[in-house]
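*Asks:* Let's see this in three dimensions:
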Amino acid sequence: MHIEILTPEKKLFSGDAYGIQLPGISGSFEVLENHAPLVSALGKGNVKILLDKSGKASNYSIVGGFVEVLNNRVSVLVEGATETL
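*Replies:* You can find the predicted model right below:
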């Protein structure tokens, strides 16, 4: 599936991945390929992009935003984010 993380200033990530873990306002959740359509608010926390099934990942710390999942495309719109190790 294709994932994009966008801030008002720039695109932080754009690429294909196995899945993504997100900090929802009521708890964390994960989106994998062929997930049902979804729009959700995000709280402060860590976004983990699962690049492949072996565990390779990219991590971003966010302060809140929204996610839209539709047709194997995930768009994460955030107020501010920084890449973490």
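*Asks:* Quick check: the residue of the chain positioned farthest from its centre vs residue 79, distance?
*Replies:* Going by CA atoms, centre = their mean, the residue of the chain most distant from its centre is residue 54, 18.3 Å out. Distance of residue 54 to residue 79, given as CB to CB, to the nearest Å: 32 Å. No exception for glycine: its C-beta is placed from N, CA and C like everyone else's.
*Asks:* ok, and the helix or strand in this protein with the lowest average confidence?
*Replies:* In the chain, the helix or strand scored least confidently by mean pLDDT, DSSP states H and E is strand 81-84, which has a mean of 88.
*Asks:* who are the neighbours in contact with the residue nearest to residue 42 when sequence neighbours are not counted?
*Replies:* The spatial neighbour of residue 42 that comes closest, neighbours along the chain excluded (CB to CB, 6 or more residues apart in numbering), is residue 65 at 4.8 Å. Neighbour list for residue 65: 41, 42, 76, 77, 78, 79 [criterion: CB atoms under 8 Å, 6 or more residues apart in numbering].
*Asks:* Let me see the confidence value for residue 65.
*Replies:* With respect to pLDDT, residue 65 scores 96.
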